[in-house]
Each structure stands twice: as C-alpha cells, then as structure tokens.
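> Need the 3D shape of this:
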Amino acid sequence: MTSTESWPDAAPLLLVLDGSGDRLHFLLAQEEGDGLSPLCHQTWAVAGQSARFLAPALQHALALFGRRAAEIRRIACLRGPGGFTGTRLALALAEGLAAATGALRAGLDVLPLLAEAPADLGTGSVLPLTWSRKGQVYAQAFAAPGLSPLTEAAALRLEDVLELCGRLPGPVTLLGNGLHRNLPFFREGLDARRNARLLGPDWNQPGTETLLRAASRAKYADRPVQPLYLRASDAEDNLPEFARARGLDPEAARTLLQPGTSLKTTF
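The predicted structure is shown next:
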C-alpha cells in the first residue's frame, strides 16, 4: 500500500488539535461504531513554532496510515484558556481543513480537561492552572469527586490563587503549566498548608483517554470554534506604546482594530 492509497472502506477520522499549552499536540482517531479508536497521538516541545510543525506533522501522520485529510469528518480544538498564538494557529488549521473537507468542528475548554486527568484523588478540590502572563494564571476550581465547577474560569493574579486555595474544600490539588511556570512561588506560598498537593509536569496537558472522552461527547457544528480568551492580549494592552512608536494616535489605532473597520492605504 502506498501513502496515497486509503484503507478500503476506511472509517471516518476524528482530529483533536491543541496549541494552547507549552507543547503542541494532536490526536488522530478512527470512528468505530459508537466509539473512537486512537491511531496516533503526537506531542512536540516547539513553543512559538506551531506554524512550522502542526500541518506538516498531520500530513505525515495521515500518510503513514494511508489516509487522506478528506476522511477527517470531525475536528475538536482545545480553545483555551492558554497561549494566544498557539490556540489561534490550531483553530486556523481546523478552519482550513473544514473549508476543504466539510468537517464539523467543536471547541473543548482546557481547564475542565486538566481537572479530569489525575487518577482518583478522593475528596477535596482540583485547581488546574494554565499560563497567562508574568504574575498571572488562568484558573478554575472543581469539586472532587464529580468535578462540578466551584468557580468560573478566570485570569487571576498569583496572590489571588493562594487566597482561593484557602477557601476551597481540602485537600486542594493544583496542576498545569501555570503551576510549573510559577513553581517556586506556589511552593513557598503553600508550604505551610498541609491540604495542598502539587502535581508534576506529566499533568500539564490532557492525556489521550481524556481527549477521546471529551471529543466523543462534544457537540459538533458547521461553524468556527471561538477561542476562549479571558483577558486582553499583550498586544492590545500595549497598543498605545506600539502606536506612538509608529507615529500613530493611540485612539485612532484602536479604532482601526474594531471589527468592520477598513484600512485605506495611499501609495
């Protein structure tokens, strides 16, 4: 069989894309009856280089299995909260594939998926944290067991996370890349609290089984997945400085960024 041939009577494919964290990864699965059978799950530590790796890696994986992009019928994207650039690139790839193949799309929220990942934690709370910016993380607390939300997803200062830990039912289990990028702070801040548990970096992103479960129960539609941004981007916050450096009035520059505004250039 060559890489351009498809398996006879091949089952439809489902693709899960995640560019929201420190590592880029995708999961390719085959639909079998009412379930999903994973074909491959690939991960790369290529922060800031998603554009170079994601589409070529997917193309290579399809070729290895003798499959075609046209056989991808559903695409689930982790929509955040997390890294802005990686999330946008994953969503852009999903839209490009959907435009070419007619695949349906669904968005998956990162924080609930991280809360699902740890093995039996008993009772207490689970607090996944993803990186936002220096001194800040995205956070949402869940009750264990059952994982019913205790708080809304929000961008919090590190000090506010410590305060939240003091209010949650214990023991409180923290995990995610927001924890590990700020590990010295949380180790010191939670050192005196016997009801706090810090999980290792193996729990920084959802695993294969977690992604399969989430993708199986997601609601798919023929429309773009909207990213989950819980704060303005750094570029938006720093727009006045960027505008002045280029000789533009900050308010005029902000107006140009509004939806539906056209930029006319004279040559």
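> Point out where this structure drops to low pLDDT.
Residue ranges of the chain with pLDDT under 70: 1-9, 47-51, 233-243, 253-254, 256-267.
> Would you mind splitting it into its domains for me?
Domain assignment of the chain by automatic domain parsing yields the ranges 13-110+206-217, 118-203.
> which residues of this structure fall in strands?
Here the chain has its strands, by DSSP state E, at 13-18, 24-32, 35-44, 72-78, 104-108, 124-133, 136-139, 142-144, 154-157, 172-175, 196-198.
> tell me the most buried of those?
strand 13-18 (a mean of 26; mean count of other Cβ atoms under 10 Å). In this view, the C-beta of every residue, glycine as well, is placed from N, C-alpha and C.
> Looking at the strands of the chain, which is nearest to L97?
Each of the strands of the chain has some distance to L97 by Cβ to Cβ; the shortest is strand 72-78, at 6.2 Å.
> Next, the angle from that closest one to strand 24-32.
140 degrees (axes from the mean of the first three to the mean of the last three Cα atoms, to 10 degrees).
> what's the angle from strand 72-78 to strand 13-18?
Relative orientation of strand 72-78 and strand 13-18, computed by the same axes, to 10 degrees: 20 degrees.
> So what's the residue count around G170?
Neighbour count of G170, defined by other Cβ atoms under 10 Å: 15.
> re the thing from before, so which of the domains of the chain gets nearest P227?
Comparing the domains of the chain by Cβ to Cβ, domain 13-110+206-217 comes nearest, at 5.1 Å.
> Now do the closest one: distance from first to last residue.
Terminal residues of domain 13-110+206-217 lie 15 Å apart, using Cα to Cα, to the nearest Å.
> now it, how far from the centre of its chain.
Centroid separation for domain 13-110+206-217 versus its chain: 11 Å, with Cα atoms, centre = their mean, to the nearest Å.
> Contact partners for the nearest residue to L212 once chain neighbours are set aside?
With sequence-adjacent residues excluded and distances taken as Cβ to Cβ, 6 or more residues apart in numbering, L212 is closest to L36, at 5.2 Å. Neighbour list for L36: L14, A29, Q30, L212, A215, S216 [criterion: Cβ atoms under 8 Å, 6 or more residues apart in numbering].
> Specify which member of the residues you listed is nearest to A76.
Distance to A76 across these (Cβ to Cβ) is lowest for A215, with 4.3 Å.
> what's the neighbour count on L91?
L91 is flanked by 24 other residues according to other Cβ under 10 Å.
> Report the beta-bridge partners for the residue nearest to L212.
E31 (DSSP bridges).
> Nearest approach to Y229 belongs to which of the domains of the chain?
Across these, closest to Y229 is domain 13-110+206-217 (Cβ to Cβ), at 6.4 Å.
> quick revisit: now for the strands of the chain, which one comes closest to L58?
Evaluated with Cβ to Cβ, those place strand 24-32 nearest to L58, the distance being 6.2 Å.
> so what does that closest one touch, helix or strand wise?
Judged by 3 or more Cβ pairs under 8 Å, 6 or more residues apart in numbering; DSSP states H and E, the packing partners of strand 24-32 are strand 13-18, strand 35-44, helix 50-64, helix 208-217.
> who's in contact with the first one?
The contact list for strand 13-18 (Cβ under 8 Å, 6+ apart) reads 24-31, 36, 39, 54, 58, 67, 71-78, 90-91, 93-94, 97, 103, 108, 205-206, 211, 215.
> and if we set it to 6 Å?
25-30, 71-72, 74-78, 90, 94, 211, 215 (Cβ atoms under 6 Å, 6 or more residues apart in numbering).
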